[in-house]
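K.L.:
Requesting a structural model of the entry that follows:
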Amino acid sequence: MRPRQWQPPFTSKPTIEQICERFRAQHCAGYDFPLDIDLITEKEVKLDLIPIGGIRSARVSAFLKSDFSGIVVDLIEFTDDRYQARMRFSIAHELGHYVMHQDLCKLFRIDTIDDYIKFILCMDEGAYRSVEFQANWFAATLLTPRAALIRELAKARAESLHLIPADYQRDPELSLLWIAPAVARHFGVSYEMIERRIREEGLSKANIE
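P.N.:
Sure thing, here's the model as predicted:
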């Protein structure tokens, strides 16, 4: 089968979350937040992290090698603390591909960034969007599980309540300006990711009070 002919099976968000929870139980026991995704990947999953210079010029932070020997990561983003949250998500995203899309990865030989770009260009666009969504949801669930996210939102809100103007307290979107940064630091992810997670999970003010 050629990559353009491959179509991913439908995998719902709840199913991806179940897959992620099984992965967490197998590989993340004993790890607290923010998850040490580098150590989990190399020590628990047995995938090498392989820093290579220049792949970010192709707007890529990481990709999974098709022989499953490791995950290639951009050298600058991997070694520069300014990109820590982005790299943590990128590695978790590739773990999602490793767990859910090994059959697809085996269709092509992916060793270099050129291989990876060629692979993407050869895929059906709808299939590509689908597998990227699945890997993104896996990564988000792995790094910020819903139950833990709700707990941290409640904790951050309680600790920040005296700082939030009364008018802002009544508006979940506005009060998030005070709450989200602390939650993002706890999980080691970006402010933007926490905002997105709250929207995607439908976490209203009522959920976090």
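K.L.:
ok but residue 73 is inside a strand, no?
P.N.:
Yes - per DSSP: H, G, I helix; E, B strand; the rest coil, residue 73 lies within a strand segment.
K.L.:
okay but it is in contact with residue 89, surely?
P.N.:
No - the criterion here is CB atoms under 8 Å, and residue 73 misses it with residue 89 at 11.8 Å. Glycine gets a C-beta too; all of them are placed from N, C-alpha and C.
K.L.:
What is the three-state secondary structure of residue 104?
P.N.:
Classification of residue 104 using three-state DSSP returns helix.
K.L.:
how about it, what does it touch?
P.N.:
By CB atoms under 8 Å, 6 or more residues apart in numbering, the contact list for residue 104 reads 3, 6, 8, 97, 131.
K.L.:
what about the closest residue to residue 61 other than its chain neighbours, how many residues close to it?
P.N.:
Leaving aside its sequence neighbours, residue 61 sits nearest to residue 90 (CB to CB, 6 or more residues apart in numbering; 4.0 Å). Neighbourhood size, residue 90 [other CB atoms under 10 Å]: 22.
K.L.:
Which residues belonging to the helix or strand where residue 90 lies are considered buried?
P.N.:
According to DSSP states H and E, residue 90 maps onto helix 84-100. The neighbour-count check on helix 84-100 (16 or more other CB atoms under 10 Å) flags 85-100 as buried.
K.L.:
what helices or strands is it leaning on?
P.N.:
The contact analysis (3 or more CB pairs under 8 Å, 6 or more residues apart in numbering; DSSP states H and E) places helix 84-100 against helix 13-27, helix 37-39, strand 62-64, strand 70-74, helix 75-79, helix 102-105, helix 125-143.
K.L.:
my guess is residue 68 is in a strand, correct?
P.N.:
No - checked against three-state DSSP, residue 68 lies outside a strand; its state is coil.
K.L.:
Now for it, how many residues are close by?
P.N.:
By the measure other CB under 10 Å, the count of residues near residue 68 is 14.
K.L.:
Just confirm it contacts residue 102, I think it does.
P.N.:
Yes - using CB under 8 Å, residue 68 is in contact with residue 102, at 7.1 Å.
K.L.:
Sketch out the low-pLDDT regions of this protein for me.
P.N.:
Low-confidence segments of the chain, defined by pLDDT under 70: 1-4, 204-209.
K.L.:
Now for the residue nearest the centre of it: which residues touch it?
P.N.:
The centroid of the chain falls nearest to residue 139 when counting by CA atoms, centre = their mean (2.7 Å). Shown in contact with residue 139 (CB under 8 Å, 6+ apart): 89, 92, 93, 95, 96.
K.L.:
cool, and residue 156?
P.N.:
Going by CB under 8 Å, 6+ apart, residue 156 touches 179, 180, 182, 183, 186.
K.L.:
Double-check the first one against residue 160; I have them as touching.
P.N.:
Yes - assessed by CB under 8 Å, residue 179 is found in contact with residue 160 at 5.7 Å.
K.L.:
When those two are compared, which one has more neighbours?
P.N.:
Neighbours were counted for residue 179 and for residue 160 using other CB under 10 Å; residue 179 has more, 25 against 17.
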